[in-house]
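Asker: Following is a predicted model, sequence given first.
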Amino acid sequence: MRVQPGECIGPYTVIAELASGGMGCVYLARSPGGRTLAVKTLLSAGANGSIADADRRRFAREVSLARRVQGAYTVGIVDADAEAPLPWMATEYIAAPSLRDLVETCGPLPDSAVLWIAAGMAEALISVHSAGLVHRDVKPSNVLLPAEGPRVIDFGISQAADVTRTHAALGTIAYTAPEQARGETSTSASDVYSLGATLFYLAVGRAPYQDSGSGPALEQLVRVAQGELDLTGLPAELDPLIRPCLSLDPAARPIAGQLLDQCAAELLRRPDAHGAADWLPPSWVQAIDQHRERRGREVEEAQRLIAPDATTRPVPAAPPTAVLTQQEGGGSSMAADTTTGGPGNRGRTAWLWGVALLVLGAVGAAFFLWDRNTGEPGMVAPTGRLSFLPVTKTAPGPCPTPGPNSYTSEDGAYCATVSTNSTRLDVDLLAAAHARFNNEKGWFVSIIFDGEDAKRFSALTAEVAGNPPPRQVAIVLDDRMLSAPAAHSAISGGRIDISGAFTKQEAEQMAHDLGAR
C-alpha cells in the first residue's frame with residue numbers, strides 16, 4: 001500500500017517517497033502549516049489490502065516506544081495514528097547525510113572530530129536508555145550529521161528492556177554486539193558496543209573486523225558472536241574511549257553516561273569550539289552544507305509539482321545549467337541538472353525536474369560536466385548495449401507496463417518513456433570510463449566519448465533541448481536506465497563526469513558496467 005505525491009497521510013500531504021524496506025515506507029510530507037516532516041507507514045497488507053493485526057500491533061508498539069525518547073541528539077515524534085486504516089508516524093525531517101555516507105565520500109575523521117560525534121551519540125543513548133529502551137541498531141547509517149551535531153534515528157527494532165526479551169539477532173552484523181549475534185538478550189551495553197564499533201568506523205574507515213566485516217553472512221555472524229575483533233589502525237588517542245566499548249563481556253563496557261563524561265573532559269580543552277565547522281574537516285563541513293542546500297532545493301521543487309500555487313520559503317538559486325565557460329587550456333564545460341539511478345542506489349527518492357532526485361543517505365541532485373578533454377588513450381567496451389535516448393515523458397513510480405520504450409529507475413521511483421528515433425546514440429566503445437574522487441564532488445564517474453560519438457551526442461542533446469519538457473536524455477545499459485540528465489541546450493565536448501553523491505562502491509560498479517579497466 002503506497003501513497004503517491006499529492007495524496008495525504010492523516011493531515012500531511014506527501015511530497016515524495018524517501019525510502020522503503022522491511023515492513024515500512026518513509027515519505028517526505030508537508031504539514032498544513034508548511035512544516036516538512038518524515039512520515040513512516042506500514043507496507044505489509046493482507047490479501048484484501050488491509051493491515052495485518054500483528055503488523056498493526058508491532059507498529060503501535062514502535063510508536064509508543066519512540067514517544068518515550070526525548071533528547072537533543074535523537075529525532076522527535078511529531079504526531080502518529082497507529083489506529084488509522086494506514087497506520088502512520090510523523091517525525092522531524094533531518095536534511096543531513098549519514099555517518100556512513102560521509103565516511104564513504106570524505107574519508108575517516110581526526111581524533112578530535114570523533115570525540116565530538118561520540119559525545120553527541122553518547123548523549124542520545126542516555127536519552128534512549130533513560131526511557132527504558134535499547135535501540136539495538138546503532139550503526140553509521142542510522143546516525144545523521146547536521147551541523148548542530150549527530151542525530152540517532154530509526155527505532156524500528158528498539159525494544160523495551162522492562163517488558164520484552166528477544167532471541168533474534170537483528171541489526172547490521174558488523175555493528176552488532178556479540179550477545180545479539182548469539183541471540184541473547186540485548187541490553188543498554190549492547191548499544192554501547194555498537195557505538196564503539198561505529199566510532200571505530202569513523203576513525204579508521206572500516207568495521208572493526210577482519211575484511212571490514214564483509215563476507216558470507218554466516219561467517220560474519222560467527223566472527224561477531226565470538227568477538228574476533230581486528231582493531232588494526234585504531235589511533236592511540238582514541239583507544240581508551242573505543243576499546244572498552246568493544247569488550248566481549250557486556251559488564252566490562254562503560255555506560256553511556258561514563259562515555260559522555262570521558263568525551264566532555266577532552267572537548268573542554270577547546271571551550272570556544274561548538275558546531276561542525278569547529279570540529280570537522282573542511283570536506284565534511286562542505287558535504288553537510290551541500291547536502292542541506294540540495295535537499296532544500298529538491299523539497300521546494302517537489303512541493304511545486306504537487307502544489308504549484310503553494311507559498312514556499314526562499315531558497316538559494318540553483319547552479320546555472322546552460323552556461324558555457326572557458327576552461328584552462330581552452331576547453332569548454334557545461335553543467336546540467338540530472339537524475340541519477342546509479343548502481344546500488346539506496347532507494348531514497350523525491351521529485352525534481354519531473355523525476356525522482358531525493359535519495360535518503362545518498363543520491364541527491366546530480367550534475368554532469370562536459371569538456372573537450374579527450375586525452376586519455378585506449379578504448380573500452382561497456383558490459384552491455386549502451387544507448388543514449390531522448391526522454392519524452394516521465395511519471396512517478398515503476399512503469400506499469402515495461403517495454404522497449406519505457407524504463408523504470410533502479411530505485412523504482414519513476415518511469416521514463418523514451419523515443420527510439422534515428423537520433424538515438426548507440427555506443428559500442430568508449431575512449432575511457434573511470435571512477436574518480438575529489439573533495440568537491442566526492443566519488444563520480446568519468447566517461448570519455450570517441451570523437452565521432454561526441455558529435456552524435458551533441459546532435460542528440462540539440463534535439464532534446466528543442467523538445468517540450470522534460471528535455472532529458474536516458475542513459476540505458478541493456479534494459480537498465482543508469483541516469484536521465486536534463487539537456488537545456490546542445491552539448492558539445494567529449495567527456496562526461498557523472499556526479500551524484502556516490503559511494504566508492506557505487507561509482508566503481510557504474511564505471512565497471514561502462515567498461516572501466
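Answerer: Sure thing, it's come through.
Asker: For the spatially closest residue to residue 104 that is not a sequence neighbour, grab the count of nearby residues.
Answerer: Once flanking residues are discounted, residue 104 sits nearest to residue 503: 4.2 Å by CB to CB, 6 or more residues apart in numbering. Where you see a C-beta, it was placed from the backbone N, CA and C, and this is true even at glycine. Residue 503 sits with 22 neighbouring residues when counted by other CB atoms under 10 Å.
Asker: Show me how far stretch 477-484 is from its chain's centre.
Answerer: For stretch 477-484, the separation from the chain centroid amounts to 20 Å (computed by CA atoms, centre = their mean, to the nearest Å).
Asker: What are the buried residues along that stretch?
Answerer: Neighbour counts over stretch 477-484 (16 or more other CB atoms under 10 Å) mark 477, 481, 482, 483, 484 as buried.
Asker: between the residues you listed, which is closest to residue 247?
Answerer: residue 482 (45.3 Å; CB to CB).
Asker: Let me know the pLDDT of that closest one.
Answerer: Listed pLDDT for residue 482 reads 83.
Asker: contacting residues around the residue nearest to it when sequence neighbours are not counted?
Answerer: Spatial nearest neighbour of residue 482, chain neighbours left out: residue 475 (4.7 Å); criterion: CB to CB, 6+ apart. By CB atoms under 8 Å, 6 or more residues apart in numbering, residue 475 lies in contact with 386, 387, 388, 481, 482, 483, 484, 485.
Asker: that's a helix at residue 475, yeah?
Answerer: No - counting by DSSP: H, G, I helix; E, B strand; the rest coil, one finds residue 475 to be strand, located in no helix.
Asker: where's it relative to residue 508, distance?
Answerer: In this view, residue 475 and residue 508 are 17 Å apart by CB to CB, to the nearest Å.
Asker: Residue 286 too?
Answerer: 23 Å.
Asker: what packs against the lengthiest helix in the chain?
Answerer: Ranked by residue count, the top helix of the chain under DSSP state H comes out as helix 282-306. Secondary-structure packing of helix 282-306 (3 or more CB pairs under 8 Å, 6 or more residues apart in numbering; DSSP states H and E): strand 12-21, strand 24-30, helix 99-106, helix 276-279, strand 351-352.
Asker: Which strands and helices lie in contact with the third one?
Answerer: Just to be clear, that refers to helix 99-106. helix 188-204, helix 282-306, strand 442-448, strand 495-502.
Asker: That one vs helix 282-306, what angle?
Answerer: Orientation check (axes from the mean of the first three to the mean of the last three CA atoms, to 10 degrees): helix 99-106 against helix 282-306 gives 120 degrees.
Asker: what does the longest one give?
Answerer: Orientation note: strand 12-21 sits at an angle of 130 degrees relative to helix 282-306 (the same axes, to 10 degrees).
Asker: Report the distance from strand 12-21 to the chain centre.
Answerer: Strand 12-21 has its C-alpha centroid displaced from the chain centroid by 14 Å (CA atoms, centre = their mean).
Asker: what lines up beside it in the sheet?
Answerer: Applying DSSP bridges, strand 12-21 is found paired with strand 8-9 (antiparallel), strand 24-30 (antiparallel).
Asker: tell me what whichever helix or strand comes after the last one is packed against?
Answerer: Once strand 24-30 ends, the next helix or strand along the chain (criterion: DSSP states H and E) is strand 36-42. Using 3+ CB pairs under 8 Å, 6+ apart, the elements in contact with strand 36-42 are strand 12-21, strand 24-30, helix 53-67, strand 88-92.
Asker: quick one: strand 36-42 to strand 88-92, angle?
Answerer: Using the same axes, to 10 degrees: strand 36-42 against strand 88-92 is 150 degrees.
Asker: residues near the residue lying closest to residue 429 once chain neighbours are set aside, how many?
Answerer: Leaving aside its sequence neighbours, residue 429 sits nearest to residue 379 (CB to CB, 6+ apart; 4.5 Å). Per other CB under 10 Å, the neighbour tally for residue 379 reads 12.
Asker: List the contacts of residue 379.
Answerer: By CB under 8 Å, 6+ apart, the neighbours of residue 379 are 429, 430, 431, 450.
Asker: okay, those in JSON lines with distance to residue 469 next?
Answerer: Shown next, in JSON lines, are the contacts of residue 379 (distance: CB to CB, whole Å):
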{"residue": "429", "distance to residue 469": "32"}
{"residue": "430", "distance to residue 469": "29"}
{"residue": "431", "distance to residue 469": "31"}
{"residue": "450", "distance to residue 469": "30"}
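Asker: Show only the entries of the residues you listed found in helices.
Answerer: Among the contacts of residue 379, no member falls in helices (DSSP H).
Asker: just curious, which of these is nearest to residue 306?
Answerer: Looking across those and measuring by CB to CB, the closest to residue 306 is residue 430, at 38.7 Å.
Asker: Residue 514 is in contact with the closest one, correct?
Answerer: Yes - with contact defined as CB atoms under 8 Å, residue 430 and residue 514 form a contacting pair (6.5 Å).
Asker: Comparing these two, which shows the higher neighbour count?
Answerer: Applying other CB under 10 Å to residue 430 and residue 514 shows that residue 514 carries more neighbours, namely 26 against 21.
Asker: Give me the three-state assignment for the closest residue to that one other than its chain neighbours.
Answerer: Spatially, and ignoring its direct neighbours in sequence, residue 514 is nearest to residue 433 (3.8 Å; CB to CB, 6+ apart). Classification of residue 433 by three-state DSSP places it in strand.
Asker: Counting neighbours, what do you get for residue 433?
Answerer: Residues near residue 433, counting by other CB under 10 Å: 24.
Asker: how close does it get to residue 510?
Answerer: Residue 433 is 8 Å from residue 510, by CB to CB.
Asker: Give me the common contacts of those two.
Answerer: In contact with both residue 433 and residue 510: residue 445, using CB under 8 Å, 6+ apart.
Asker: if I look at the closest residue to residue 380 other than its chain neighbours, how far off is residue 430?
Answerer: Spatial nearest neighbour of residue 380, excluding adjacent residues (CB to CB, 6+ apart): residue 515 at 3.4 Å. According to CB to CB, residue 515 and residue 430 sit 6 Å apart.
Asker: just residue 203 next, same as before
Answerer: Applying CB to CB, the value for residue 203 to residue 430 is 39 Å.
Asker: Tell me where the stretch 351-500 of the chain has strands.
Answerer: Taking DSSP state E, counting those that start in this stretch as the test, the strands found in the stretch 351-500 of the chain are 351-352, 355-356, 366-371, 386-396, 406-408, 414-418, 425-427, 432-438, 442-448, 472-477, 480-485, 495-502.
Asker: and residue 186, which of these is closest to it?
Answerer: Closest among these, using CB to CB: strand 495-502, at 32.5 Å.
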